[in-house]
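*Asks:* Structural data only, the sequence is not supplied:
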Ligand SMILES: Nc1ncnc2c1ncn2[C@@H]1O[C@H](COP(=O)(O)OP(=O)(O)OP(=O)(O)O)[C@@H](O)[C@H]1O
């Protein structure tokens, strides 16, 4: 339906996206995962015809849309990372303002506004001015605005950054519902792997402008089929303990946080007892030692040697 073909985008010195290919099929929820600065916003801006690529092509229904984006613009809804609302207008007034820009008016506009307010759970607060809304409510309204013209494709750029868990869940549920009930196609970018794991059928993972993995969740996790991920938890570490783990020949990668160390080790190697022993002689007060279920976060660590939220 919509695809990026060998796309590159350069901003002066920075190559924000490098030779990227991506495909979004009708009715799919596709995830684009990557840390800050990976190039996600730039990639989706090119896919949405907001930014022109330096090289490569963007096709919608097999036709290039770089020079003729009108066919796509009619059916795409874009939820930007930055909230774009009028703070001194009410939720309903904002909706009506943006609805008119999409060419809606009269009874049709009112019906659409009512329907979308219901979808985003703001019917009760429709008359309140946006200034008084929580961050999560503003985000929901921002999504609502992008839905007024009944888009077939919704492109969402990190829609849950910096909001309270309740609104975050609400947004995730809304995306699922729109996809199931209306077969809406969704492109969802995030640096929260658990969101992408929960929502998406297929996932693309970016880092430093490059696509580093793509496929279904299971396909991506297969990348780790030759390795195990071990989680070590303790209240604090000491340098010697960390150094010993780092030097261990079976430890392929490690990520160290304040209270958890995650190790990627070769499969079929049992280094549990060694770790427990090391902790004991080096006075590290272990809380737990587990083999973790593989997550997309582990895949990212495997591919880049860094945690997703560095
Ligand atoms: N208009 C621009 N001019 C110059 N550099 C840019 C511009 N837009 C993006 N970049 C650079 O391109 C790289 C990728 O940025 P981009 O915003 O696409 O990443 P991202 O994965 O969406 O990250 P974030 O989650 O922080 O938005 C960054 O190094 C960024 O500084």
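*Replies:* Thanks, I have it. Every value quoted in this text rests on a predicted model; they were computed, and no experiment measured them.
*Asks:* next one: stretch 137-156 to chain centre, how far?
*Replies:* Here stretch 137-156 is found 16 Å from its chain centre; the criterion is Cα atoms, centre = their mean, to the nearest Å.
*Asks:* Quick check: buried residues in that stretch?
*Replies:* 137-149, 151-156 (16 or more other Cβ atoms under 10 Å). No exception for glycine: its C-beta is placed from N, CA and C like everyone else's.
*Asks:* what distance separates the start and the end of that stretch?
*Replies:* End-to-end span of stretch 137-156 (Cα to Cα, to the nearest Å): 16 Å.
*Asks:* per-residue confidence averaged over that stretch?
*Replies:* For stretch 137-156, mean pLDDT is 92.
*Asks:* So which of the buried residues of stretch 137-156 belong to helices?
*Replies:* 137-147 (DSSP state H).
*Asks:* Same list, those, but as CSV with distance to residue 250 please.
*Replies:* Formatted as CSV, these follow (distance: Cβ to Cβ, whole Å):
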residue, distance to residue 250
137, 49
138, 49
139, 44
140, 47
141, 51
142, 48
143, 46
144, 51
145, 52
146, 49
147, 50
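*Asks:* Up against the ligand, what does the stretch 1-150 of the chain have?
*Replies:* 11, 14, 16, 34, 36-42, 81 (Cβ under 6 Å from any ligand atom).
*Asks:* Other residues contacting stretch 118-125?
*Replies:* Residues outside stretch 118-125 that contact it (Cβ atoms under 8 Å, 6 or more residues apart in numbering): 91, 114, 117, 133, 137, 140-141, 143-144, 147, 170, 174, 177-178.
*Asks:* Confirm for me that residue 98 is in contact with residue 148.
*Replies:* Yes - contact criterion Cβ atoms under 8 Å: residue 98 and residue 148 qualify, at 6.1 Å.
*Asks:* Show the contacting residues for residue 57.
*Replies:* Going by Cβ under 8 Å, 6+ apart, the list of residues near residue 57 reads 4-7, 64, 66.
*Asks:* Let's see that with 10 Å instead.
*Replies:* 3-7, 46, 63-66 (Cβ atoms under 10 Å, 6 or more residues apart in numbering).
*Asks:* How is it classified with respect to secondary structure?
*Replies:* Classification of residue 57 by DSSP: H, G, I helix; E, B strand; the rest coil places it in strand.
*Asks:* ok, it to residue 236 distance?
*Replies:* Relative to residue 236, residue 57 is positioned 53 Å away (Cβ to Cβ, to the nearest Å).
*Asks:* quick one, domains of this protein?
*Replies:* Domain ranges of the chain: 2-221, 225-293, per automatic domain parsing.
*Asks:* deepest of those, which one?
*Replies:* The highest average neighbour count among these, using mean count of other Cβ atoms under 10 Å, belongs to domain 2-221 at a mean of 18.
*Asks:* what's residue 15 sitting at in phi/psi?
*Replies:* Dihedral pair for residue 15: phi -100, psi 100, per degrees, to the nearest 10.
*Asks:* Report the beta-bridge partner residues of it.
*Replies:* Residue 15 has these beta-bridge partners by DSSP bridges: residue 10.
*Asks:* can you give me the strands in this protein?
*Replies:* Along the chain, the segments classed as strands by DSSP state E run 2-11, 14-24, 29-33, 55-60, 63-64, 76-79, 153-157, 185-190, 202-207, 210-216, 227-234, 251-256, 260-266, 286-291.
*Asks:* Could you dump those strands into TSV with distance to residue 121 added?
*Replies:* As requested, the strands of the chain are exported to TSV (distance: least, Cβ to Cβ, whole Å):
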stretch	distance to residue 121
strand 2-11	28
strand 14-24	27
strand 29-33	20
strand 55-60	31
strand 63-64	37
strand 76-79	16
strand 153-157	17
strand 185-190	18
strand 202-207	27
strand 210-216	30
strand 227-234	36
strand 251-256	37
strand 260-266	35
strand 286-291	37
